[in-house]
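Visitor: What follows is a predicted structure for the sequence shown.
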Number of protein chains: 2
Amino acid sequence: MSTSNDGVALVESEHLPGAGGAPAHERVYLALRERILFGGFQPGRPVTLRGLAESLGVSPMPVREAVRRLIAQRALELHDNRRVSVPAMTARKFDEIVFARLALEPELAVRAMPRIGEVELARIEQIDDGIEAAMERGDPEGYMRSNHAFHATIYNLAASETLGALVDSVWLQFGPFMRTVYGRVGTTNLEDQHQKAISAIRRQDGEGLKSAISEDIMQGMRFIGETAFRR
Amino acid sequence: MSTSNDGVALVESEHLPGAGGAPAHERVYLALRERILFGGFQPGRPVTLRGLAESLGVSPMPVREAVRRLIAQRALELHDNRRVSVPAMTARKFDEIVFARLALEPELAVRAMPRIGEVELARIEQIDDGIEAAMERGDPEGYMRSNHAFHATIYNLAASETLGALVDSVWLQFGPFMRTVYGRVGTTNLEDQHQKAISAIRRQDGEGLKSAISEDIMQGMRFIGETAFRR
DNA sequence: AAGTCCGATTTGTGATCACATTATGCCCTG
DNA sequence: CAGGGCATAATGTGATCACAAATCGGACTT
């Protein structure tokens, strides 16, 4: 059962935006990141170095380094057996993730706001169109990609590397879980809360942006939490 | 200049609490962590895999994995040159760290509080005695060790792995910087803010504990920030 | 027929080697 | 004596090999 349902994404040989002449362990890291964030891995699923290496067309060595990195970010989990797996979600962990998101992301958005000009805002609105399209289409992976792009684009503009890294780690931790939920119940029940954020940015209203991001997080996470933990 | 002022800490061969039969890369990780948290490394200082390997008495291989892990935690920095160094502090990064600490650590303390019984509180008070002793002694490393133990002991009791990992990453990022400041101005001007936290725990006052931790962070970080950035 | 033990396979770990890239020191040139 | 180019050394990266622990398979026992 070596390759079972691994999805397809091999490491692109060359000419890929953002990973041109980068070291193999970096390309492997980015490839695994993609799978984790957008549903390529099933929570709880065991992962082997040699398996990933074969699946990505590289030797086990760069995989080791990429996996070690993802373990440090808590995107993967190292058990006492010395075996690696995609962490399973628990109600407790989920609650911590929600708290961390609410504590960090609105601030990150506010710090980004002064740097969001016309072109950046246009790009953000374009991404939001993609979100709604994916929602209507009932496309979970497309929704997750666009939704991540929406937040990541804003947060990256904050150029706050420390806070950004913390938030990035958090996203990596609920990515696989999000995918299983949407795969089960679809995306049609979602509502797009991003318009409030966009208009707040347009009028450079910091408090408005903070509460818009907060509401977006609360609404989205409550939906995920309720359908998964039925509390 | 291979060995310059590396400090001494070799990787203890065996019989060390918490790293008995652990893999070498784990022991190396813990050793490097110690150096970073408690002042064994100078910010901005370059670090080489082979150098660390020789300094720790292991092959470069486990060092690679430990360093990759620390890079992911932002305790070390990977430059475009592919060279690794201890990150230098900036006013901007420092500000982000303060925000993250204030956003996460009081909550972590509150989540730990119900689990702090008589024995745990006694242990915490004992650690605080160590802090005051190190302060009077003018011992920066001892102060940093005890201060870290004080916070880490409380936060670990929260058993909140996700939030704990975020906070851990933050501490790793200001450890070396803290050391340079205390090394420059000493620890005699510090005041111990922990009594307020201890008494809040004793009467199980969540809000009181939150504000005590917040004040401790603000006071300590303001001192560090002022002496370093003289703003 | 169910549980247990033992052998074969898989897996993580660590070391060593080879190579490309980068940094460093030296010599030469002006 | 200063500055630039070149040979040498050092460094990160990746592959391969060897080994020990863990897992999994089936055969055997009761």
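Guide: Looks like it arrived, so ask away.
Visitor: What residues does chain A have near DNA strand C?
Guide: Within chain A, the positions adjacent to DNA strand C are A:47-51, A:60-61, A:64, A:78, A:82-84 by Cβ under 7 Å from any atom of the strand. Glycine gets a C-beta too; all of them are placed from N, C-alpha and C.
Visitor: Near DNA strand D, which residues of chain A? Just list them.
Guide: A:23-26, A:58-62, A:65, A:81-83.
Visitor: repeat that with 6 Å
Guide: For chain A, the contact set with DNA strand D under Cβ under 6 Å from any atom of the strand comprises A:23-25, A:58-62, A:81.
Visitor: returning to that earlier point: so which of the residues of chain A next to DNA strand C comes closest to B:R69?
Guide: Lowest distance from B:R69 to the residues of chain A next to DNA strand C (Cβ to Cβ) belongs to A:L78, with 10.3 Å.
Visitor: any low-confidence regions in chain A?
Guide: Of all residues in chain A, those with pLDDT under 70 make up the ranges A:1-20, A:231.
Visitor: could you pull out the helices for it?
Guide: A:24-37, A:49-56, A:60-72, A:91-112, A:118-137, A:140-157, A:161-185, A:194-202, A:206-229 (DSSP state H).
Visitor: can you list those helices in a markdown table and add mean neighbour count?
Guide: Shown next, in a markdown table, are the helices of chain A (neighbours: other Cβ atoms under 10 Å in any protein chain shown):
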| stretch | mean neighbour count |
| --- | --- |
| helix A:24-37 | 21 |
| helix A:49-56 | 18 |
| helix A:60-72 | 22 |
| helix A:91-112 | 20 |
| helix A:118-137 | 15 |
| helix A:140-157 | 20 |
| helix A:161-185 | 20 |
| helix A:194-202 | 18 |
| helix A:206-229 | 17 |
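Visitor: in stretch A:73-91, what counts as buried?
Guide: For stretch A:73-91, the neighbour count (16 or more other Cβ atoms under 10 Å in any protein chain shown) marks A:73-78, A:84-87, A:89 as buried.
Visitor: Now the two most distant members of the residues of chain A next to DNA strand C.
Guide: Using Cβ to Cβ, these reach their maximum pairwise distance at A:M61 and A:R83, which is 18.5 Å.
Visitor: Give me the subset of the residues of chain A next to DNA strand C that also touch chain B.
Guide: Counting by Cβ under 8 Å from any Cβ of the partner chain, A:64, A:82 from the residues of chain A next to DNA strand C sit close to chain B.
Visitor: quick one: which of the residues of chain A next to DNA strand C is nearest B:H194?
Guide: When the residues of chain A next to DNA strand C are compared for distance to B:H194 (Cβ to Cβ), A:L78 wins out at 33.4 Å.
Visitor: My guess is the closest one contacts A:P87. True?
Guide: No. Applying Cβ atoms under 8 Å as the test, A:L78 and A:P87 come out as separate, 10.0 Å apart.
Visitor: From A:I36, how far out is the closest residue to A:L78 other than its chain neighbours?
Guide: Distance criterion Cβ to Cβ, 6 or more residues apart in numbering or on different chains; nearest residue to A:L78, sequence neighbours excluded, is A:I71 at 5.1 Å. According to Cβ to Cβ, to the nearest Å, A:I71 stands 12 Å off from A:I36.
Visitor: now A:N156
Guide: In terms of Cβ to Cβ, A:N156 sits 19 Å off from A:I36.
Visitor: next one: A:E132
Guide: 25 Å.
Visitor: Also A:R137?
Guide: Computed as Cβ to Cβ, the A:R137 to A:I36 distance reads 23 Å.
Visitor: same thing with A:E118?
Guide: Applying Cβ to Cβ to A:E118 and A:I36 gives a distance of 34 Å.
Visitor: In this structure A:L121 contacts A:R202, no?
Guide: Yes. A:L121 is within contact range of A:R202, at 6.8 Å (criterion: Cβ under 8 Å).
Visitor: Tell me how many other residues crowd A:A158.
Guide: Counted with other Cβ atoms under 10 Å in any protein chain shown, the neighbours of A:A158 add up to 21.
Visitor: Wait, it touches A:R111, no?
Guide: Yes. Using Cβ under 8 Å, A:A158 is in contact with A:R111, at 4.0 Å.
Visitor: Mind putting the helices of chain A into JSON lines with distance to B:L190?
Guide: Shown next, in JSON lines, are those (distance: least, Cβ to Cβ, whole Å):
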{"stretch": "helix A:24-37", "distance to B:L190": "41"}
{"stretch": "helix A:49-56", "distance to B:L190": "46"}
{"stretch": "helix A:60-72", "distance to B:L190": "31"}
{"stretch": "helix A:91-112", "distance to B:L190": "27"}
{"stretch": "helix A:118-137", "distance to B:L190": "43"}
{"stretch": "helix A:140-157", "distance to B:L190": "35"}
{"stretch": "helix A:161-185", "distance to B:L190": "24"}
{"stretch": "helix A:194-202", "distance to B:L190": "41"}
{"stretch": "helix A:206-229", "distance to B:L190": "34"}
